[in-house]
Each structure stands twice: as structure tokens, then as C-alpha cells.
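Trainee: Compute the structure for the input listed below.
(2 chains)
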Amino acid sequence: MYSQLIIPTFAEGRRDEAMAVIAQATARIDARSKLFAPTLAGVHNGGDAIWRLTFADVGARDAALAGEAWAPAAKLLADPAVTTHQERLGYETSRVGGADGDCGLYRVALFCANVRPDPERLAAFADQTASMPNYIDTIRRWQLSTPAEAEGRRPWTTVWEQEYDDLQGLKGAYMLHPAHWGHVERWFDPEYPEWLVDRTIVHTFCEKSDAVICL
Amino acid sequence: MIWMVDEVETKPGQGQAFLAAYREHYVPGATARGLRLIKEMVEPAMWLDEASNRLLLIWETDSAGAVWAAKHRARGDEAVIRWWTEQAPEFLISRRRYTMAPADALEALDNV
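Mentor: As a prediction, this is how the structure comes out:
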């Protein structure tokens, strides 16, 4: 499976129009899973909305985004008078986990591992990140991906997605569990010799109804 | 209680100079970020002129929230980056940093 993620920021006064056009276009696309929702208060570099679709493969993604249904949205996203900034990523499904079932919050973080990256450090970082759901039980579904395509504030190297029942699952257990602040966080902290990840990150989340991450 | 521990091995003859630089360039900022320096431990118990010293510098804080608060303040402080990437390496062969908790507190910390 191949997922496409777009996190747009719209120009003042053009947001409602853009959201309506993109929602209409998204509804006409055939995909394994679809998410398009406004971001919630508290995001960091999180844009105005999260658009994420999963397709059978990259060919299906290409066909969908080149099709007539998506054209009005593509036009708005390509117009800097409407879309002032966007993170755009495409990635194959690789590490994924969790259980079926509804839950109400999707969160994605984008990282750029650019501080002395080497295969061993990158592998250790990925392994520790992927271990977090073993310890933090509010993470209902998760996916850890290396983008095949990435643009935006940084050349993103990592997409870290989770689904929670609600915002408390993210702000509570995820942030306050020692698996986070006492273990994985060292890769993000310039005070640790392990420091790996650029200080500019994207941390954004939105409410949702359907499953986003395909197991 | 949560402890953050800097363990360093200094270059030969640089132990005392490192500690002086740490106190001058790092301790005031870390203290302002809410951490308390509770131990400065040196091994062996003398400054060596022609060999390395090993130091354990132990910081204490009260909670995970305080750890995050200190981290967020350090993250945007270029002086912290400069200390660890430019100034401290002048004195050091190696260093590690640990985030530790009392063994009896682990169950409570896990229950969040």
C-alpha cells in the first residue's frame, strides 16, 4: 500500500473555500482509506488540515491525483495565493501495527534525521520509535515510514503516525510515559550524544471517524 | 524524582578545567531551566595531570512534566547547542547522558 500525506496551510481568507474544494474532490477519489480534517489547537508546524489517503500502490496514487476528480484541489494546492505552505509526502507501508476498531484521533509527526545519520543510528532510532506502542497502551494503531517522496520545511526522513481514542491519549500517556521522555526522546535532544533529529519537526493531529492507518 | 546524569571522560589533564567550564557555561542555564545540580562526583578522587578523570554530574527534577519543560527550553537555546557541540568536546574523550528514576517509582511512572 502507498500513502499520500498533505499538510497544507492556507492564506488568510481562503481557508474555507480551499477546505470545501478539497473535501469535495477527496470524496470523489477511490482509496483504501481517506482522511481530510482540520487540525486541532496545539499543533506545532501543523498546518490548517491533514489530508491523507492510502492507495493499493503508487500507481493508483498517481492515477488518482492526475484524474479529473482531484483537479480542482490540485489547482488550489498549487496556487501560492491560496496554499501558502504544505508538507507533501508519499510512502510505502512498512512498519505498522495495532488493532482494528474505531478511535477518534489521528496524529502524525514528521522528522528529519540529519545529525550524523548513519545506518546504525537510523536503525536504532527506528527500532526504539517502533517499540513505543509496546509500552504506551493509548496508541491504538501506528505506522512508521521512510518517505519515498518528501517536501516542505525539511527533507523529511521519517513519518510517525498514531491513532488514539482521543486527545488525552496523545497528551497524556504518550507524552508522559518514560518510553517517550526517558528513552526515545534522546534522539531529539541536543543534550544527548545520541542526538539525531533536526530541531524543526511537524507535530499535528485532527479528529477522525474512520480508521486511517490500514493494517 | 527523576535524575539526569552527565557522565564524562576528560582528556588527560583536563578534568578540573572541564568542571570549571561546565560550571561557567552550562550550570547557570540548566538551573534556570528548573534542574537542580545535586552531585559533582570525580573519579579518581584527585585531578590527574597525565590521565583522564571520570565525572558524574547529577541533576534532579521532580516530574516528567519538569523534564519536558527543561527540554523545551533547552531545545531553542543556541548556547546549549554550542556548549555540547563546540565547547565541551574540547575537554572530553567521551560522554553519556542518562535519564534515570528510582527503581521503586517505575510502576507509578508507567501508570500514566
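Trainee: Where do the strands of the chain begin and end?
Mentor: The chain I'm using is chain A. A:2-10, A:33-38, A:49-55, A:83-92, A:95-98, A:105-111, A:141-145, A:149-151, A:158-164, A:202-207 (DSSP state E).
Trainee: Chain B is the one I meant
Mentor: B:2-10, B:36-43, B:54-61, B:92-100.
Trainee: So which of these is nearest chain A?
Mentor: Nearest of these to chain A, taken as Cβ to the nearest Cβ: strand B:92-100 at 4.4 Å. No exception for glycine: its C-beta is placed from N, CA and C like everyone else's.
Trainee: which one's the longest helix in chain B?
Mentor: Using DSSP state H to define each element, chain B has its longest helix at helix B:64-75.
Trainee: try chain A
Mentor: In chain A, with assignment by DSSP H, the single longest helix is helix A:119-135.
Trainee: Next, the buried residues of it.
Mentor: A:121-122, A:125-126, A:128-130, A:132-133 (16 or more other Cβ atoms under 10 Å in any protein chain shown).
Trainee: Please tabulate these in JSON lines, including the columns pLDDT.
Mentor: Listed next are the buried residues of helix A:119-135 as JSON lines, based on pLDDT from 0 to 100:
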{"residue": "A:121", "pLDDT": "98"}
{"residue": "A:122", "pLDDT": "98"}
{"residue": "A:125", "pLDDT": "98"}
{"residue": "A:126", "pLDDT": "98"}
{"residue": "A:128", "pLDDT": "97"}
{"residue": "A:129", "pLDDT": "98"}
{"residue": "A:130", "pLDDT": "98"}
{"residue": "A:132", "pLDDT": "97"}
{"residue": "A:133", "pLDDT": "97"}
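Trainee: hmm, back to that, just the CA trace of the longest helix of chain A, in CSV.
Mentor: Only the C-alpha atoms of helix A:119-135 are listed here, as CSV (Å, rounded to 0.1, in the frame of the first residue of the first chain):
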residue,chain,number,x,y,z
PRO,A,119,22.7,3.2,9.1
GLU,A,120,23.3,2.0,12.7
ARG,A,121,21.9,5.2,14.3
LEU,A,122,19.0,5.4,12.0
ALA,A,123,18.1,1.7,12.6
ALA,A,124,18.4,2.1,16.4
PHE,A,125,16.1,5.2,16.3
ALA,A,126,13.6,3.5,14.1
ASP,A,127,13.6,0.4,16.4
GLN,A,128,13.1,2.4,19.5
THR,A,129,10.3,4.5,18.0
ALA,A,130,8.5,1.4,16.7
SER,A,131,8.8,-0.1,20.2
MET,A,132,6.8,2.7,21.8
PRO,A,133,3.3,1.1,21.2
ASN,A,134,4.5,-1.9,23.2
TYR,A,135,4.7,0.3,26.3
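Trainee: circling back to that earlier point, which among the strands of chain B is found nearest to residue A:68?
Mentor: Of all the strands of chain B, strand B:92-100 sits nearest to residue A:68, with 53.6 Å by Cβ to Cβ.
Trainee: What is the closest one packed up against?
Mentor: Other elements packing on strand B:92-100 under the criterion 3 or more Cβ pairs under 8 Å, 6 or more residues apart in numbering or on different chains; DSSP states H and E are strand B:2-10.
Trainee: if we can go back for a sec, out of the strands of chain A, the one nearest chain B is which?
Mentor: Per Cβ to the nearest Cβ, nearest to chain B of the strands of chain A: strand A:202-207, 12.2 Å.
Trainee: Do the closest one and chain B come into contact?
Mentor: No: residues of strand A:202-207 contacting chain B under Cβ under 8 Å from any Cβ of the partner chain: none, with a closest distance of 12.2 Å.
Trainee: do the same with stretch A:179-193
Mentor: Yes: using Cβ under 8 Å from any Cβ, stretch A:179-193 reaches chain B at A:181-183, A:185-186, A:189-193.
Trainee: Let me have the residues you listed in CSV, adding neighbour count, pLDDT and distance to residue A:163 as columns.
Mentor: Shown next, in CSV, are the residues of stretch A:179-193 next to chain B (neighbours: other Cβ atoms under 10 Å in any protein chain shown; pLDDT from 0 to 100; distance: Cβ to Cβ, whole Å):
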residue, neighbour count, pLDDT, distance to residue A:163
A:181, 20, 96, 21
A:182, 18, 95, 24
A:183, 16, 96, 21
A:185, 20, 96, 21
A:186, 19, 97, 25
A:189, 21, 96, 26
A:190, 19, 94, 30
A:191, 20, 96, 31
A:192, 19, 96, 29
A:193, 12, 96, 33
